[in-house]
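Q: Build the 3D model from these lines:
(chains A, B and C)
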Amino acid sequence: MITLTSDFGSPYPAAMKGVLCAHTDARLVDIAHDFPRQDVRTTAFWLREVFPYFPPATHLVVVDPGVGTDRAALAIRAGEHVLVGPDNGVLAPVARRLAGDAVGAPDDDAQASAGIEPFEIVVDEPESATFHGRDVFAPAAALAHEAGADRLAECEEFVSADGYEDLRFPEPEVRDGDATGEVLVVDGFGNAVTNVPGEMLDGRFGERIAVDGEHVPVAQSYAHVAAGERLVTVGSHGNVELAANRGRGDETFGVGVGNPIELAFE
Amino acid sequence: MITLTSDFGSPYPAAMKGVLCAHTDARLVDIAHDFPRQDVRTTAFWLREVFPYFPPATHLVVVDPGVGTDRAALAIRAGEHVLVGPDNGVLAPVARRLAGDAVGAPDDDAQASAGIEPFEIVVDEPESATFHGRDVFAPAAALAHEAGADRLAECEEFVSADGYEDLRFPEPEVRDGDATGEVLVVDGFGNAVTNVPGEMLDGRFGERIAVDGEHVPVAQSYAHVAAGERLVTVGSHGNVELAANRGRGDETFGVGVGNPIELAFE
Amino acid sequence: MITLTSDFGSPYPAAMKGVLCAHTDARLVDIAHDFPRQDVRTTAFWLREVFPYFPPATHLVVVDPGVGTDRAALAIRAGEHVLVGPDNGVLAPVARRLAGDAVGAPDDDAQASAGIEPFEIVVDEPESATFHGRDVFAPAAALAHEAGADRLAECEEFVSADGYEDLRFPEPEVRDGDATGEVLVVDGFGNAVTNVPGEMLDGRFGERIAVDGEHVPVAQSYAHVAAGERLVTVGSHGNVELAANRGRGDETFGVGVGNPIELAFE
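A: Numbers count the residues shown, from 1 in each chain, chains lettered A, B, ... in the order given. Below is the predicted model:
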């Protein structure tokens, strides 16, 4: 199976599908092609949340503001998965998570690196300098799929790499009953996903928490407050989320990506 | 085959695909993930129009404003199809239509209920309270697909249910040559789909009809009037539709969902 | 394999998928369903850029402002591919390119016609006059797939056609070091794709070129200029493209589809 992720919108992903279908009969699964343009961090966040639900697969990821420069092209084995994309950090958080799961280490633990093997893709003269998704990464993903995660080293197109660009999400400060964090991403519903672990809200549904000083209900899910009302909940990624029932949390809380957030029980 | 429908936008549907792929090799077909957020009625309308064109399949449907509350989770056998989703009415109209086709009864006929078997999905402690699409409905859809429409009762995860929440579209009043109805949905082209059966226009293409008192051509298709001109036609769902050639019917007629519509031949 | 292309947005493509799945087990691949509404020329451009990357396939294309009129419905064999859609020109440029590749002739060469066989689809009384994608073209695409590109003539539903509506993109005037062209399409990133062949920029990366009199860097790819800066490059389609690094070329150059463009080295 090969999954496809990009910020291409439409119709460029179709050219990648054509190349994949020309090289392999692998099943293709679209993840999303509407990630915010050239937003490496947001894409990295969502990949880390989504790929672990898949069975072992090759994941083609093209969010690539540096296309046509000398940034490397990567194929990374992470546990039983293979990640193919540009060396700009977009693959790093999910590689750690996939490898960590594979070796039984906690998510994002440094030990996870035991399950990670990075390769640089040998690129010679791609047809275009502006569409490596089609001309570099799609052929490499097809090749990786055909070779299998365990045999990338046997492909002359993949050369073992010493390292790759890392990307770390900002760490929250979590204390006893309060926390300082920030908004990592805003999803399509307007839910503002923070970097504060959801455990902070364990056993406290029904109470109120101060968000930047304003008191808001802590609820298990959206419909536990009235339509339009704000709530603080644990999102599906396990983090504290600022939301509004049948509304947009980002707008009702007046926050966006990168905003610092203070959370405090009384 | 498993089809996927939601109001999730992107990238949440990908997590559901991951779960499905981890549980089954079934072919996956996306219906749409951009239904109006939490709009159960509009989604219910389109499912009723689309699913009957599919061969027997399992249909995963997640438009779920009550996620995390005590609304039930359903798996409904409807004819040879299985519908999986929240118990909020979104599955009801299409269940009737699929069952009606199966037993030879007219669409939406009450007799169709002979072909419908509802089950409640046993849910214990899903991983998240806010993403049952991933944690409840996708595993249930995979299970239903693997079991087959005829053997849902044999799965301990599915418990026979007495009933489920119904949803009925408003009925028009159709008289001899005139009708009172309303706009059920507006499609992406701006066509305003009414609840008035298209038979009212049979044999009358080329005539004019009064729409809320204004006279408009009745035409077989859009390009039978000049670009920008309004027309009344029969849409692909078989209902009377207010449209504009190469324009938006909703805007040129000044109507939206829920608007009452008076139609009258002279 | 059957690919699907339309300007339907959502959820109408799902009905076509249902019909296809009911008639054939062919693999389905979405190209795009968000082409500009009823914009035959833009769609024709992208199909010509995308389909050649696919292995032999049946391509269902429904951008059809004349639906329900007497425009013909076509199935065209182009090399080893089959194109199915309305007779409005949308299939013509890609048919020439696919056929040209097949017979070794240059792209878009008139000789390519040797590899093209057009058929008219016999249409009798489709269920709806407004959705031939579902009721005419999808069944025809399934039939063409099952028959195979070489055996369309054996299907009574396909009748050999004398010709079909052509569509030609405007030709640029290219001289020694300067060119007069126009913007053919603007992609989702805002890159303005002209009809001027990229060869004009061969060996000149790092120089400057006058675009309508204003001097702009010629660069191999976007990130070779600073964020927000304009550049002239060769896009993935091989044409000269007006772009901005991490911005929209159409806005920073102030151009749109159909705008004449003067390019001149000094």
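
Q: alpha carbons only for contacts and neighbour counts from here, please
A: Will do.

Q: wait, is residue A:46 part of a helix?
A: Yes. Under DSSP: H, G, I helix; E, B strand; the rest coil, residue A:46 falls within a helix.

Q: pretty sure it is in contact with residue B:11, am I right?
A: Yes. The criterion here is CA atoms under 8 Å, and residue A:46 meets it with residue B:11 at 7.4 Å.

Q: Contact distance from chain C - what residues of the stretch 151-266 of chain A qualify?
A: Within the stretch 151-266 of chain A, no position lies close to chain C (CA under 8 Å from any CA of the partner chain).

Q: how about the strands in the stretch 151-266 of chain A?
A: Remark: strands assigned in the stretch 151-266 of chain A by DSSP state E, counting those that start in this stretch are A:158-160, A:173-174, A:178-186, A:192-197, A:208-211, A:214-217, A:230-234, A:239-244, A:260-264.

Q: Check residue A:222 and give its pLDDT.
A: Model confidence at residue A:222, given as pLDDT, is 93.

Q: With adjacent residues omitted, what lies nearest to it?
A: With CA to CA, 6 or more residues apart in numbering or on different chains as the criterion, residue A:222 has its nearest non-adjacent residue at 4.8 Å, and that residue is residue A:245.

Q: residues contacting the one you found?
A: A:222-223, A:225-231 (CA atoms under 8 Å, 6 or more residues apart in numbering or on different chains).

Q: at 10 Å instead, please
A: By CA atoms under 10 Å, 6 or more residues apart in numbering or on different chains, the contact list for residue A:245 reads A:191, A:221-231, B:65-66.

Q: right, and out of those residues, which lies closest to residue C:153?
A: residue B:65 (52.3 Å; CA to CA).

Q: Am I right that the closest one is in a strand?
A: No. Assigned with three-state DSSP, residue B:65 falls outside any strand and is coil.

Q: residue contacts, the spatially closest residue to it that is not a sequence neighbour?
A: Take residue B:65 and drop its neighbours on the chain: the residue closest to it by CA to CA, 6+ apart is residue B:38, 5.3 Å away. Neighbouring residues of residue B:38 by CA under 10 Å, 6+ apart: A:246, B:6-8, B:62-66.

Q: Look at residue B:38 and tell me its secondary structure.
A: coil.

Q: thought residue A:88 was touching residue A:69?
A: No. With contacts counted by CA atoms under 10 Å, residue A:88 stays clear of residue A:69, the gap being 11.6 Å.

Q: who's more crowded, these two?
A: residue A:88 (21 against 14; other CA atoms under 10 Å in any protein chain shown).

Q: how about the nearest residue to the more buried one, chain neighbours excluded?
A: residue A:165 is the one closest to residue A:88 (CA to CA, 6+ apart), at 5.6 Å.

Q: quick one: low-confidence ranges for the stretch 101-250 of chain A?
A: Residues of the stretch 101-250 of chain A that meet the criterion pLDDT under 70 lie in A:101-113.

Q: Please repeat the previous calculation with a cut-off of 80.
A: A:101-114, A:125-127 (pLDDT under 80).

Q: Helices of that one, start to end?
A: Counting by DSSP state H, counting those that start in this stretch, the stretch 101-250 of chain A has helices at residues A:132, A:138-147, A:249-253.

Q: To residue C:17, which of those lies closest?
A: helix A:138-147 (25.3 Å).

Q: what's the burial count for the residue in the stretch 1-150 of chain A positioned nearest to chain B?
A: Nearest residue of the stretch 1-150 of chain A to chain B: residue A:54, at 4.0 Å (CA to the nearest CA). Residue A:54 has 20 neighbours, counted by other CA under 10 Å.

Q: separation between it and chain C?
A: Plainly put, residue A:54 is 20 Å away from chain C if you go by CA to the nearest CA, to the nearest Å.

Q: what's that residue in contact with, if anything?
A: Residue A:54 makes contact with A:1, A:3, A:81, B:14-23, according to CA under 10 Å, 6+ apart.

Q: Check residue A:233 too.
A: For residue A:233, the contact set (CA under 10 Å, 6+ apart) comprises A:191, A:193, A:198, A:201, A:205, A:217-222, A:239-244, B:129-130.

Q: what's the neighbour count on the residue nearest to residue A:88?
A: Per other CA under 10 Å, the neighbour tally for residue A:165 reads 13.

Q: Residue A:91 is in contact with that one, correct?
A: Yes. Applying CA under 10 Å as the test, residue A:165 and residue A:91 come out as touching, 8.8 Å apart.

Q: shared neighbours of these two, anything?
A: In contact with both residue A:165 and residue A:91: no residue, using CA under 10 Å, 6+ apart.

Q: which parts of the stretch 1-150 of chain A sit against chain C?
A: A:7-23, A:27-30, A:37-38, A:64-69, A:127-132, A:134-135 (CA under 10 Å from any CA of the partner chain).

Q: Return the subset of those lying in strands.
A: A:28-30 (DSSP state E).

Q: Now render those residues as TSV, adding pLDDT.
A: TSV is the format used below for these (pLDDT from 0 to 100):
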residue	pLDDT
A:28	98
A:29	98
A:30	97
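
Q: got the end-to-end distance for stretch A:225-232?
A: End-to-end span of stretch A:225-232 (CA to CA, to the nearest Å): 10 Å.

Q: Taking chain A, what residue is nearest to chain C?
A: Ranking the residues of chain A by distance to chain C (CA to the nearest CA) places residue A:18 first, at 4.0 Å.

Q: Was I right to think that residue contacts residue C:28?
A: No. The pair residue A:18 / residue C:28 is not scored as a contact, 11.9 Å apart, by CA under 10 Å.

Q: Quick check: neighbours shared by those two?
A: Common contacts of residue A:18 and residue C:28 (CA under 10 Å, 6+ apart): residue C:3.

Q: what about these two, which has more around it?
A: Each of residue A:18 and residue C:28 has its neighbours counted (other CA under 10 Å); residue A:18 has more, 22 against 17.

Q: so who does the more buried one touch?
A: Residue A:18 neighbours (CA under 10 Å, 6+ apart): A:134, A:138, C:3, C:29, C:31, C:50-56.

Q: In a markdown table: those residues, plus distance to residue B:186.
A: A markdown table is the format used below for the contacts of residue A:18 (distance: CA to CA, whole Å):
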| residue | distance to residue B:186 |
| --- | --- |
| A:134 | 37 |
| A:138 | 38 |
| C:3 | 27 |
| C:29 | 27 |
| C:31 | 25 |
| C:50 | 32 |
| C:51 | 32 |
| C:52 | 36 |
| C:53 | 36 |
| C:54 | 35 |
| C:55 | 38 |
| C:56 | 37 |
